[in-house]
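**Q** Predicted model and sequence below, questions to follow.
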Amino acid sequence: MIYTELTKKAMKLCFEAHKDQVDKSGLPYVFHPFHLAEQMTTEETTVAALLHDVVEDTDRTLADLAAMGFPQSVIDALTLPTHDERVPYMTYVAALKENPIARAVKIADLKHNSDLIRLDHIDAAALQRAEKYRRALALLAE
């Protein structure tokens, strides 16, 4: 993990925002963004990894993050990971390729989300998600 004033601010916000959430196996959700952040190599990607689900899964907004002093490069990257259901999934993933911060975070996100050993029960839906994520990773690797 990269520890700077900005990443520490993101860690605290991430923890606060996700503290009452759990993942599909009932584990504290905050482990997911922290796991992604551990893989990042820059301050911006670390912050984006920590905050990648804050806007999507909590009442925080991009404007809130900007008002807290997070850089525009991170805000721009965070606008991309939210999938508008009206946009085909692979079109949405392709759009992430153009932003190096969003791309790095999404690759780590897809790898973690497709790791089926995290789940207590692997059903057909989990297998379908993992296959969709595998195709998305291949697209991001192009």
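**A** That came in fine, so what should we check first? Numbers count the residues shown, from 1 in each chain.
**Q** elements contacting the longest helix belonging to the chain?
**A** Determined from DSSP state H, the single longest helix within the chain is helix 124-141. Applying 3 or more CB pairs under 8 Å, 6 or more residues apart in numbering; DSSP states H and E, one finds that helix 124-141 contacts helix 89-96, helix 100-113. Heads up, the C-betas are built off the backbone N, CA and C, glycines and all.
**Q** With residue 28 as the reference, name the closest of the ones you listed.
**A** Shortest distance between residue 28 and these, using CB to CB, is found for helix 100-113: 14.3 Å.
**Q** hmm, back to that, relative to residue 12, which of the helices and strands packed on helix 124-141 is closest?
**A** Between residue 12 and the helices and strands packed on helix 124-141, the tightest spacing by CB to CB is seen for helix 100-113, at 18.6 Å.
**Q** Which elements pack onto that closest one?
**A** Packed against helix 100-113 by the contact rule (3+ CB pairs under 8 Å, 6+ apart) you find helix 31-39, helix 43-51, helix 72-79, helix 89-96, helix 124-141.
**Q** so which of those comes closest to residue 3?
**A** Residue 3 sits nearest to helix 43-51 of all the helices and strands packed on helix 100-113, at 9.0 Å, using CB to CB.
**Q** Just the residues contacting the closest one, thanks.
**A** For helix 43-51, contacts defined as CB atoms under 8 Å, 6 or more residues apart in numbering pick out 1-2, 4, 6-7, 10-11, 13-14, 33-34, 36-37, 39-40, 65, 70-71, 73-74, 77-78, 101-102, 104-105, 108-109.
**Q** Would you mind listing which of the residues you listed are buried?
**A** By neighbour count, with 16 or more other CB atoms under 10 Å, the contacts of helix 43-51 hold 2, 6-7, 10-11, 13-14, 33-34, 36-37, 39-40, 65, 70-71, 74, 77-78, 101-102, 104-105, 108-109 as buried.
**Q** can you tell me how far the most centrally placed residue in the chain sits from residue 82?
**A** What sits nearest the mean C-alpha location of the chain, by CA atoms, centre = their mean, is residue 52, with 3.9 Å. From residue 52 across to residue 82, the span is 9 Å (CB to CB, to the nearest Å).
**Q** can you check residue 6 too?
**A** 22 Å.
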